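Participant: sequence unknown, structure follows:
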């Protein structure tokens, strides 16, 4: 409870998770290689809580355009999600 889990997976499994826990059947946007999708569990933990899709396919990019040497990073929303489709 209250913890965080980080999982690295193929986009197909991420897509399936979004459909299963987020009810996004047929509405899951493109999931790019190396992107970040966030699923959250509200309430009583994974077994008893309600899951929701918070963000699909964010890409982490340098804030200052400094490439791999950048010291600050930001999340760029998925182009399919930017129009408010969540």
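Facilitator: Sure, I can see it. Owing to the predicted nature of the structure, the values given are computational and were not obtained by experimental measurement.
Participant: Can you show me the strands along this protein?
Facilitator: 36-42, 50-62, 73-76 (DSSP state E).
Participant: just checking, what packs against the last one?
Facilitator: The contact analysis (3 or more CB pairs under 8 Å, 6 or more residues apart in numbering; DSSP states H and E) places strand 73-76 against strand 50-62. (C-beta placed from N, C-alpha, C; glycine too.)
Participant: Now the lengthiest helix in the chain: average pLDDT?
Facilitator: Across the chain, the longest stretch assigned as helix under DSSP state H is helix 11-22. The predicted model assigns helix 11-22 a mean pLDDT of 85.
Participant: Throw the strands of the chain into JSON lines and include mean pLDDT and mean neighbour count, thanks.
Facilitator: As requested, those are exported to JSON lines (pLDDT from 0 to 100; neighbours: other CB atoms under 10 Å):
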{"stretch": "strand 36-42", "mean pLDDT": "84", "mean neighbour count": "15"}
{"stretch": "strand 50-62", "mean pLDDT": "81", "mean neighbour count": "16"}
{"stretch": "strand 73-76", "mean pLDDT": "73", "mean neighbour count": "12"}
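Participant: Just put those strands in a markdown table and tack on distance to residue 11.
Facilitator: Putting the strands of the chain into a markdown table (distance: least, CB to CB, whole Å) gives the following:
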| stretch | distance to residue 11 |
| --- | --- |
| strand 36-42 | 9 |
| strand 50-62 | 8 |
| strand 73-76 | 17 |
